[in-house]
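Trainee: prediction below, plus the sequence it came from.
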Amino acid sequence: MRYSNQGIDLTKQFERCRLVAFKPTPSDPWTLGWGHTLGVEEGMTCSQEQADQWLLDDVADAENAVNRLVKIGLTQEEFDSLVDFTFNVGVGAFQHSTLLAKLNDNDVQGASDEFEKWDMAGGQVVAGLLRRRNTERALFTLGADFSRESQPQAEVQS
């Protein structure tokens with residue numbers, strides 16, 4: 001699946017582009033552009049064009065991870081919410097999350113309930129993260145097929 005324009009808009013809504021490196025919270029890594037962290041150091045700057053390209057690259061990483069790690073079919077809304085979530089928390093965190101485990105077990109409601117558990121940074125609840133998780137969950141639920149929960153998971157053929 002591909003991340004939709006609605007998904008990109010969701011990411012931009014919560015990331016806000018900054019052309020000078022900053023730390024969202026003291027425990028966060030240096031960040032530049034639309035939430036880009038790889039190789040970013042204090043004092044770095046970038047152009048709008050570079051920020052937009054990094055966004056596409058970083059979203060592609062999250063998109064690839066969701067496509068690779070989710071073993072059940074998804075609606076576009078579910079996919080978009082999961083890509084934004086993965087973009088924000090990181091591929092490793094998504095890969096080892098209870099959200100992913102529940103989703104792959106066809107526990108769609110349980111997976112949906114996991115979003116709100118990812119609202120902290122530096123050990124503190126962050127209002128912006130809670131808003132983001134609630135928005136991701138609402139999008140996920142909008143497209144969720146809760147009837148999948150009663151169906152056995154199909155075998156994946158290699």
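Mentor: Right, received. Where do you want to start? Computed from a prediction, not measured in an experiment: that's the story for all the values here. Numbering: from 1, shown residues only.

Trainee: from now on I want contacts and neighbour counts done on CA atoms only, so please keep to that.
Mentor: OK.

Trainee: would you map the strands across the protein?
Mentor: Taking DSSP state E as the test, the strands found in the chain are 18-22, 31-33, 120-121, 124-125.

Trainee: residue 41: which of those is closest?
Mentor: With C-alpha to C-alpha as the measure, strand 18-22 is the member of these nearest residue 41 (6.9 Å).

Trainee: what's that closest one packed up against?
Mentor: strand 31-33 (3 or more C-alpha pairs under 8 Å, 6 or more residues apart in numbering; DSSP states H and E).

Trainee: quick one: mean pLDDT for the strand it packs on?
Mentor: The pLDDT scores in strand 31-33 average 97.

Trainee: re the thing from before, any chance of the strands of the chain in a markdown table, plus distance to residue 77 and mean neighbour count?
Mentor: Output for these, formatted as a markdown table (distance: least, C-alpha to C-alpha, whole Å; neighbours: other C-alpha atoms under 10 Å):
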| stretch | distance to residue 77 | mean neighbour count |
| --- | --- | --- |
| strand 18-22 | 27 | 19 |
| strand 31-33 | 25 | 26 |
| strand 120-121 | 24 | 14 |
| strand 124-125 | 26 | 10 |
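
Trainee: residue 72: which of the ones you listed is closest?
Mentor: Using C-alpha to C-alpha, the strands of the chain put strand 120-121 closest to residue 72, at 27.9 Å.

Trainee: what strands line up against that closest one, and which way round?
Mentor: Its sheet considered, strand 120-121 pairs with strand 124-125 (antiparallel) by DSSP bridges.

Trainee: now do the longest helix along the chain: which elements does it pack against?
Mentor: For the chain, the longest helix by residue count, based on DSSP state H, is helix 48-69. Judged by 3+ C-alpha pairs under 8 Å, 6+ apart, helix 48-69 is in contact with strand 31-33, helix 76-89, helix 91-95.

Trainee: what residues sit buried inside the longest one?
Mentor: Counting neighbours by 16 or more other C-alpha atoms under 10 Å, one finds that the buried residues in helix 76-89 are 76-88.

Trainee: redo those as JSON lines? Include distance to residue 31 and pLDDT.
Mentor: Output for these, formatted as JSON lines (distance: C-alpha to C-alpha, whole Å; pLDDT from 0 to 100):
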{"residue": "76", "distance to residue 31": "28", "pLDDT": "96"}
{"residue": "77", "distance to residue 31": "27", "pLDDT": "96"}
{"residue": "78", "distance to residue 31": "27", "pLDDT": "97"}
{"residue": "79", "distance to residue 31": "25", "pLDDT": "97"}
{"residue": "80", "distance to residue 31": "22", "pLDDT": "98"}
{"residue": "81", "distance to residue 31": "22", "pLDDT": "98"}
{"residue": "82", "distance to residue 31": "21", "pLDDT": "98"}
{"residue": "83", "distance to residue 31": "19", "pLDDT": "98"}
{"residue": "84", "distance to residue 31": "17", "pLDDT": "98"}
{"residue": "85", "distance to residue 31": "17", "pLDDT": "98"}
{"residue": "86", "distance to residue 31": "16", "pLDDT": "98"}
{"residue": "87", "distance to residue 31": "13", "pLDDT": "96"}
{"residue": "88", "distance to residue 31": "12", "pLDDT": "94"}
